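Visitor: this is the structure alone, sequence omitted:
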């Protein structure tokens with residue numbers, strides 16, 4: 001029944017990018033409403049601009065909060081924050097002020113999550129640099145979310161593509177910094193979080209491959225000792241704790257095996273090691289999820305695509321996949337809560 005579907009808050013991302021037109025097209029097509037109850041959180045002027053860009057029309061119905069929505073009423077429910085005038089910004093150009101407002105909108109959506117009025121948040125692409133320069137002093141949105149939620153435990157960004165879950169030991173830091181952050185404890189934490197997150201998504205026995213750091217997995221120490229001294233001992237530690245992980249495997253071949261179905265996930269050592277592989281495999285299908293937080297957060301794995309913003313040609317495949325993943329995890333959380 002419709003009233004048992006998870007409630008997903010959608011935000012349109014940075015208004016200078018492709019997010020508004022993507023959001024408008026998804027809401028106009030209506031396919032995702034079979035999976036979840038969708039409520040838009042943002043400024044009506046932004047979504048109206050997105051509808052014009054996408055060449056669609058929307059019947060918006062306004063409410064004070066998601067908890068006030070009449071789900072039997074026609075139209076697209078929206079909480080109009082009235083905080084972002086898109087006419088003030090140039091399409092396709094990063095703006096600190098737009099970044100500030102993007103963060104403000106997400107923060108309001110998080111407030112609704114903390115109040116128990118929504119089950120997940122799916123957000124259109126944002127611009128990390130614009131948000132940082134606009135006053136949200138975090139290297140990425142995941143750390144911002146954790147901060148706003150007061151989260152002190154493990155959390156990380158994961159990417160999901162056609163059933164493959166990709167995670168990493170280090171994320172949005174320089175490569176030089178990442179090398180120092182590849183430690184035994186960091187690898188163990190990443191494996192723990194990956195295993196727990198996939199189980200919450202319905203994968204009963206996740207199989208995780210661990211990528212090497214150095215070429216040829218270090219070639220027995222010829223190209224580096226990290227595989228021998230750090231990575232393999234961490235893998236063995238986590239296997240003893242019941243996690244089905246193996247490796248390290250050479251990073252230039254392990255993704256081929258994973259995409260062929262031998263594993264459910266690959267743990268990369270640093271950001272681009274995994275991102276290059278997954279984006280080449282399916283740029284318009286990948287989803288990013290913030291794993292480990294109390295609220296489910298998903299977003300398309302691609303960016304704001306400033307080069308095509310406003311032209312009405314942005315692909316919505318990854319955004320639809322992000323809503324689908326948020327729905328799946330939120331539904332399982334609701335079912336577990338009901339069974340408790």
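Guide: Nice, thanks for sending it over. What you see is a predicted model, and the numbers here were worked out from it, not measured in a lab.

Visitor: quick check: phi and psi at residue 79.
Guide: Here is the backbone geometry of residue 79 (degrees, to the nearest 10): phi -100, psi 110.

Visitor: does it have beta-bridge partners, and which?
Guide: For residue 79, the beta-bridge partners are residue 41 (DSSP bridges).

Visitor: right, and it touches residue 67 too?
Guide: No. Contact criterion CB atoms under 8 Å: residue 79 and residue 67 do not qualify, at 9.9 Å. All C-beta spots, glycine's among them, are computed from the backbone N, C-alpha and C.

Visitor: so what sits against both of these two?
Guide: By CB atoms under 8 Å, 6 or more residues apart in numbering, residue 79 and residue 67 have these common neighbours: residue 112.

Visitor: so for the two, which residue has more residues nearby?
Guide: Per other CB atoms under 10 Å, whichever of residue 79 and residue 67 has more neighbours is residue 79, with 25 against 14.

Visitor: tell me who's in contact with the more buried one.
Guide: 39-42, 62-66, 108, 112.

Visitor: out of the residues you listed, who has the most neighbours?
Guide: residue 42 (33 neighbours).

Visitor: residue contacts, it?
Guide: 11-12, 78-81, 84, 105.

Visitor: what pLDDT does residue 339 get?
Guide: Residue 339 carries a pLDDT value of 78.

Visitor: quick one: which of the contacts of residue 42 is nearest residue 198?
Guide: For the contacts of residue 42, the closest approach to residue 198 (CB to CB) belongs to residue 11, at 25.6 Å.

Visitor: and the contacts of residue 79 as CSV, adding pLDDT, distance to residue 100 and secondary structure?
Guide: Shown next, in CSV, are the contacts of residue 79 (pLDDT from 0 to 100; distance: CB to CB, whole Å; DSSP: H, G, I helix; E, B strand; the rest coil):
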residue, pLDDT, distance to residue 100, secondary structure
39, 98, 23, strand
40, 98, 20, strand
41, 98, 16, strand
42, 98, 14, strand
62, 98, 24, strand
63, 98, 25, coil
64, 98, 23, coil
65, 98, 22, coil
66, 98, 23, helix
108, 98, 13, helix
112, 98, 20, helix
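
Visitor: which parts of the protein are helices?
Guide: 19-29, 44-54, 96-114, 128-133, 141-149, 175-181, 184-200, 226, 232-240, 254-259, 271-282, 317-339 (DSSP state H).

Visitor: how many neighbours does residue 99 have?
Guide: 23.

Visitor: that'll do, ta.
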